[in-house]
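Undergrad: Pasting the sequence and the predicted model now:
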Amino acid sequence: MNKFKLVALAVAAATSVGIAQAESKFTLGAGIGIVENPYKQYDNDLYPVPVITYEGDNFWFRGLAGGYYLWNDQSDKLSIMAAYSPLHFKPGDSDNSQLRQLDRRKSTAMAGLSYTHATEQYGFLRTALLADVLDNSNGFVWDLAWLYSYTNGGLTLTPGIGVEWNSDNQNDYYYGVSGAESRRSGLNSYDADSGWNPYLELTANYRFLGDWSVYGTARYTHLSDEIKDSPMVDKSWSGLISTGVTYSF
């Protein structure tokens, strides 16, 4: 699995398929993703997840993310990448009367660098540094994880542990409360700083009937104090689950 919640849904579900099926250059499929949001009395988000993966010598494309390799060999892969980030806040999706008075936070596009380093025995390192390029949050996100793939027959399991850093602009856009919002809603105003969100993830991929596969991926994220202390939030964690079916050419 190569990077869901921030770029998590966009990259984690799609790239999990890419790692499990690394021998295939082209894969098509479809799935669904469910994101448990930390906002107060907020509906869970259900997303269709297109699974379109391509792995070439110069370019790669996985779901809602794609990139161009600056370096690409068996052990190390460095690329320029871009991805759609589905993270957003819609006031009307909350049943909390105060949150319904806040401004909308938009999803956005992120771009930056990604790098993986694979070992033969000990798993692989995955990291990405991405920035908002649509002038919504003007924030940065850095993701760093270590994962290990285990294969037995047609089943591949890939557990991982990682941490995500959000810049102050990123946290403040999605979890801060401005003075104007405070006056409208009655919530305390809040300026968020940068913070670290550790997470655990697990991907399972099972190949059957030759080129057909089913996959599932899940991530549990423990939120930083900068997010938990927001008056918009009533959870200390966020989560996601995605599953789907793919065909490899």
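TA: Nice, I can see it.
Undergrad: C-alpha from now on. contacts and neighbour counts both.
TA: Will do.
Undergrad: Which of the helices and strands in this structure ranks last by mean pLDDT?
TA: helix 14-20 (a mean of 42; mean pLDDT, DSSP states H and E).
Undergrad: so what strands line up beside the helix or strand following that helix?
TA: Using DSSP states H and E, the helix or strand that follows helix 14-20 in sequence is strand 26-36. According to DSSP bridges, strand 26-36 forms sheet pairs with strand 45-55 (antiparallel), strand 237-248 (antiparallel).
Undergrad: what distance separates strand 26-36 from the centre of its chain?
TA: 12 Å (Cα atoms, centre = their mean, to the nearest Å).
Undergrad: The protein: strands as residue ranges?
TA: Here the chain has its strands, by DSSP state E, at 26-36, 45-55, 59-62, 65-72, 76-85, 108-118, 124-132, 140-147, 150-152, 155-166, 195-208, 212-222, 237-248.
Undergrad: so where's the chain uncertain?
TA: Scanning the chain for pLDDT under 70 picks out the ranges 1-24.
Undergrad: looking at it, which residue ends up farthest from its center?
TA: R183 (33.0 Å; Cα atoms, centre = their mean).
Undergrad: Can you name the residues bridging to D143?
TA: Bridge pairing for D143 - DSSP bridges - gives A128, E164.
Undergrad: I'd guessed it sits against W165; true?
TA: Yes: using Cα atoms under 8 Å, D143 makes contact with W165 at a distance of 6.4 Å.
Undergrad: So for the two, which sits in the more crowded spot?
TA: When neighbours are counted by other Cα atoms under 10 Å, D143 and W165 differ, and D143 comes out ahead with 22 against 19.
Undergrad: May I see the buried residues of stretch 211-231?
TA: Buried residues in stretch 211-231, counted by 16 or more other Cα atoms under 10 Å: 212-224, 226-231.
Undergrad: Just the CA atoms of it, as PDB, please.
TA: What follows is stretch 211-231, C-alpha atoms only, in PDB (Å, rounded to 0.1, in the frame of the first residue of the first chain):
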ATOM      1  CA  ASP A 211      -6.400 -12.100 -12.500                       C
ATOM      2  CA  TRP A 212      -9.300 -11.200 -10.300                       C
ATOM      3  CA  SER A 213      -8.700  -9.900  -6.700                       C
ATOM      4  CA  VAL A 214     -10.700  -8.600  -3.800                       C
ATOM      5  CA  TYR A 215      -9.000  -6.100  -1.400                       C
ATOM      6  CA  GLY A 216      -9.700  -4.400   1.900                       C
ATOM      7  CA  THR A 217      -7.800  -1.700   3.700                       C
ATOM      8  CA  ALA A 218      -8.400   0.000   7.100                       C
ATOM      9  CA  ARG A 219      -6.700   2.800   9.000                       C
ATOM     10  CA  TYR A 220      -7.000   4.000  12.600                       C
ATOM     11  CA  THR A 221      -5.600   7.400  13.300                       C
ATOM     12  CA  HIS A 222      -5.000   8.900  16.800                       C
ATOM     13  CA  LEU A 223      -5.500  12.600  16.400                       C
ATOM     14  CA  SER A 224      -3.100  15.300  17.700                       C
ATOM     15  CA  ASP A 225      -4.100  17.600  20.500                       C
ATOM     16  CA  GLU A 226      -4.300  20.400  18.000                       C
ATOM     17  CA  ILE A 227      -7.200  18.600  16.400                       C
ATOM     18  CA  LYS A 228      -8.800  17.100  19.500                       C
ATOM     19  CA  ASP A 229      -8.900  20.600  21.200                       C
ATOM     20  CA  SER A 230     -10.900  22.100  18.400                       C
ATOM     21  CA  PRO A 231     -14.500  23.000  19.400                       C
END
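Undergrad: No further questions, thank you.
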